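Participant: My questions concern the predicted model and sequence given below.
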Amino acid sequence: MTQIGFIIGFDILLDTFLVRTVVVPAIATVLGRYSWWPSTVRRPA
């Protein structure tokens with residue numbers, strides 16, 4: 001039980017401080033304006 005608790009706690013810290021602060025903004029930067037899709041509604045032709 002102690003090992004499982006440690007792993008879950010470590011995973012929460014890793015997700016909070018690495019994934020959400022580094023990886024998500026990096027992906028949004030790489031994708032550019034496509035990261036906010038669907039930001040505009042296209043009208044039918």
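Facilitator: Looks like it arrived, so ask away. No experiment lies behind these values; they were computed from the predicted model shown.

Participant: Residue 30 and residue 10: what is the separation?
Facilitator: Relative to residue 10, residue 30 is positioned 27 Å away (CB to CB, to the nearest Å). All C-beta atoms are positioned from the backbone trio N, CA, C, and that covers glycine.

Participant: what ranges do the strands span in the protein?
Facilitator: With DSSP state E, there are no strands along the chain.

Participant: mind listing the helices in it by residue range?
Facilitator: Remark: helices assigned in the chain by DSSP state H are 2-14, 24-31.

Participant: and those, which one's lowest on average pLDDT?
Facilitator: Of all the helices of the chain, helix 24-31 carries the lowest average pLDDT, namely a mean of 90.

Participant: List the contacts of that helix.
Facilitator: Applying CB atoms under 8 Å, 6 or more residues apart in numbering, the contact partners of helix 24-31 are residue 35.

Participant: Tell me which of the helices of the chain sits nearest to residue 37.
Facilitator: With CB to CB, the closest approach to residue 37 among the helices of the chain belongs to helix 24-31: 8.6 Å.
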